[in-house]
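Enquirer: any chance you can model this:
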Amino acid sequence: MAPPETACPNSLTAVAEALALLERAGVPCLLFGGWAEELLGLRAPGPHRDIDLVHLGRSFAAADAAFQAGLLPDEIRAKRFPHKRAFVWRGICCEILLVQNGPARPVTWFWGDVPLLWQAPIAHAEPVIRMDHAFEVVSADNLRLYRTRHRDTQPWRWRTFPKRQRAASQTLAL
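Expert: Alright, predicted model coming up:
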């Protein structure tokens, strides 16, 4: 049996390569979701279906430009929302969540109208070093906050979010 690192295409090496791809494309991201939880010891090591990421910025303008210029793989248009962009890279779904600076705290506007206020700072105090890679990750407090508040973000709305809004999705200016 292969060691866990090489047992599936979604490995820490793949995560590091995806983060480097985004950095080169001008869309720097923090690691989020299950991989961040695993690196911070909040969950046991195990298989991962995707790579969740957070982009800190005013909008998705840099990501949209990178998609259009071919610097990132083709976008998954069905996952285009005011708060999210996604693409498939080497068979792995990579989802990017937008976190903007709010007047008091960082915020994600799910669906353009449902705010999730994050704790500042968003990132863990120091990079997590694994396999000669320094992973910038979302803080443990923010990972817990997201898990606790996930249902408040109305995740079921992706099924009914109007296609015309999805196609023209723009982030709210704060």
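Enquirer: how close does the nearest residue to Cys93 once chain neighbours are set aside get to Ile76?
Expert: With C-beta to C-beta, 6 or more residues apart in numbering as the criterion, Cys93 has its nearest non-adjacent residue at 4.2 Å, and that residue is Asp50. Quick note: C-beta positions are derived from backbone N, CA and C, even for glycine. Separation of Asp50 from Ile76 (C-beta to C-beta, to the nearest Å): 11 Å.
Enquirer: which neighbours do these two have in common?
Expert: Counting by C-beta atoms under 8 Å, 6 or more residues apart in numbering, the residues touching both Asp50 and Ile76 are Cys93.
Enquirer: which residues in this protein form helices?
Expert: Secondary structure of the chain, counting by DSSP state H: helices at 4-7, 12-24, 33-39, 61-69, 140-149, 163-167.
Enquirer: okay, those helices, which one's buried deepest?
Expert: helix 33-39 (a mean of 22; mean count of other C-beta atoms under 10 Å).
Enquirer: which stretches in the chain count as strands?
Expert: Along the chain, counting by DSSP state E, strands occupy 30-32, 50-56, 84-89, 92-99, 107-110, 114-117, 128-130, 133-135.
Enquirer: for Thr148, find the nearest of those.
Expert: Nearest to Thr148 among the strands of the chain is strand 114-117; the distance by C-beta to C-beta comes to 10.5 Å.
Enquirer: in that closest one, what's buried?
Expert: Pro115, Leu116 (16 or more other C-beta atoms under 10 Å).
Enquirer: elements contacting it?
Expert: Secondary-structure packing of strand 114-117 (3 or more C-beta pairs under 8 Å, 6 or more residues apart in numbering; DSSP states H and E): strand 107-110.
Enquirer: alpha carbons only: can I get the strand it packs on in PDB?
Expert: Only the C-alpha atoms of strand 107-110 are listed here, as PDB (Å, rounded to 0.1, in the frame of the first residue of the first chain):
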ATOM      1  CA  VAL A 107     -16.400  39.600   5.900                       C
ATOM      2  CA  THR A 108     -17.600  37.200   3.200                       C
ATOM      3  CA  TRP A 109     -20.900  38.100   1.400                       C
ATOM      4  CA  PHE A 110     -22.400  34.700   0.700                       C
END
